[in-house]
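Following is a predicted model, sequence given first.
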Amino acid sequence: MFVIMMFIAVAFIVQTGLGYLQIKHFSKAYTELRKIGKVAIGKRPGKIRAGTIVLFAVSQSGKILQAKKIQGVTVMAKVRDLQGFTGKNIKTLNENDLEACNKLLKQAILEAVSNYKIIMSGGQIPEKNSLFKRVMNQADRLVSIKKHN
């Protein structure tokens with residue numbers, strides 16, 4: 001039993017350390033992109049499949065100056081250049097520009113485009129509910145349905 005607890009503790013510490021390194025790499029990439037323009041970010045968390053984050057450095061006119069992505073199943077995923085977007089205008093990106101991208105990457109890119117448009121029009125990006133909040137909302141709906149029946 002003690003061996004299992006030690007294994008879990010060591011795994012937790014390793015996971016935390018690797019997560020810290022991934023956040024550090026993300027922050028470094030964000031800072032580099034921020035130096036050359038505004039940064040549009042889109043993410044598509046992976047529940048079972050690979051999670052994806054995209055970052056676009058964008059000029060005042062909307063031209064993509066540089067693009068990066070993080071895509072992977074584990075905290076070992078690294079920041080990499082995202083090819084094929086430099087020079088395009090973020091405001092006019094569409095499905096045709098995303099043909100070479102996998103489904104999660106497409107979704108993250110489209111979210112970055114949406115976030116950019118919302119912010120540039122003076123809006124605010126709505127917060128997404130956490131898993132806990134979604135479960136609590138579902139429980140509230142079930143309780144209210146039972147009360148009305």
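Arrived safely.

and the most centrally placed residue in the chain, how far is that from Ala11?
Residue closest to the average C-alpha location in the chain (CA atoms, centre = their mean): Lys43, at 2.0 Å. Separation of Lys43 from Ala11 (CB to CB, to the nearest Å) stands at 25 Å. No exception for glycine: its C-beta is placed from N, CA and C like everyone else's.

what's the answer for Gly46, then?
Counting by CB to CB - Gly46 and Ala11 are separated by 20 Å.

quick one, which of these two is more surrounded?
Regarding Gly46 and Ala11, a neighbour count based on other CB atoms under 10 Å identifies Gly46 as having more, with 14 against 10.

Tell me the secondary structure of the more buried one, please.
Classification of Gly46 by DSSP: H, G, I helix; E, B strand; the rest coil places it in coil.

who does the helix or strand of the chain with the lowest mean pLDDT touch, helix- and strand-wise?
Sorting the helices and strands of the chain by mean pLDDT, DSSP states H and E puts helix 131-148 at the bottom, at a mean of 77. Applying 3 or more CB pairs under 8 Å, 6 or more residues apart in numbering; DSSP states H and E, we find helix 131-148 packed against no helix or strand.

Need the residues that contact that helix.
Asn129 (CB atoms under 8 Å, 6 or more residues apart in numbering).

all helices of this protein, in order?
For the chain, the helices defined by DSSP state H cover 2-34, 103-120, 131-148.

and of these, who's closest to Gln60?
helix 103-120 (9.9 Å; CB to CB).

buried sites along that closest one?
Applying a neighbour-count criterion of 16 or more other CB atoms under 10 Å, one finds 104-113, 115-116 buried in helix 103-120.

Nearest to Thr86, out of those: which one, please.
Among those, and counting by CB to CB, the member closest to Thr86 is Ile109, at 13.5 Å.

and the gap between that closest one and Asp140?
Taken as CB to CB, the span from Ile109 to Asp140 is 34 Å.
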